[in-house]
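1. just to be clear, the model below is a prediction. Sequence and coordinates:
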Amino acid sequence: MCCGQVVLAGSLITMSGADSNPYKPTLIGAEKPEREPLGLPEERQQQLEAVIKEAGQVWLVVMLSFCCGPLSILLVAPWYGIRLQQWIGLATDFPELNDATNRHWQAVQFRSAKIKLLVGLVVGFTAFLMSFSIVVIGSI
């Protein structure tokens, strides 16, 4: 018996190099469609992608800012404030992004980004006020 050949219940099965993995899952239907971006201008498309990306990382940023100290806490609120302003600008200029009937993947992520950006802003301000009050109380 040579490599690439399997004896199964008395019959010889030869596997080619491309199909040599018998456990490889088969895809049902066509290949996965590409996720095309919305038809926004290039600069606004980059802003949209940055807002969505930053909103998705809000929990990581908050956790790292608490671990890294008070200086990083000072950066969270302004950072998410700027991203929220960009979100508002995109929602104003392109109202179809904020339309609940638009099921495009970027529009759905854009709508969910608003809550995450607000959470980042509120947590950043709260952490700033807590660190500021500790500094003030500690100096008394």
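-> Yep, that arrived.

2. packing partners of the longest helix that the chain contains?
-> Secondary structure of the chain per DSSP state H: the longest helix is helix 105-139. Judged by 3 or more Cβ pairs under 8 Å, 6 or more residues apart in numbering; DSSP states H and E, the packing partners of helix 105-139 are helix 42-56, helix 58-68, helix 70-93. Any C-beta I mention is one placed from the backbone N, CA and C, and that applies to glycine too.

3. any weak-confidence spans in this structure?
-> Where the chain drops to pLDDT under 70, the residues are 1-19, 25-34, 69-70, 140.

4. apart from its chain neighbours, what residue comes closest to the residue nearest in space to the middle of it?
-> In the chain, the centroid-proximal residue (Cα atoms, centre = their mean) is residue 56; its distance is 3.8 Å. Nearest non-adjacent residue to residue 56, counting by Cβ to Cβ, 6 or more residues apart in numbering: residue 116, 7.1 Å away.

5. just list the residues touching the residue nearest to the centre of the chain, thanks.
-> 109, 113, 116 (Cβ atoms under 8 Å, 6 or more residues apart in numbering).

6. format those as a markdown table; extra columns: neighbour count.
-> Converted to a markdown table, the contacts of residue 56 look like this (neighbours: other Cβ atoms under 10 Å):
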| residue | neighbour count |
| --- | --- |
| 109 | 18 |
| 113 | 22 |
| 116 | 22 |
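
7. surely residue 96 and residue 102 touch.
-> Yes: the pair residue 96 / residue 102 is scored as a contact, 5.5 Å apart, by Cβ atoms under 8 Å.

8. any idea how far the closest residue to residue 98 other than its chain neighbours lies from residue 74?
-> Spatial nearest neighbour of residue 98, chain neighbours left out: residue 91 (4.6 Å); criterion: Cβ to Cβ, 6+ apart. From residue 91 across to residue 74, the span is 27 Å (Cβ to Cβ, to the nearest Å).
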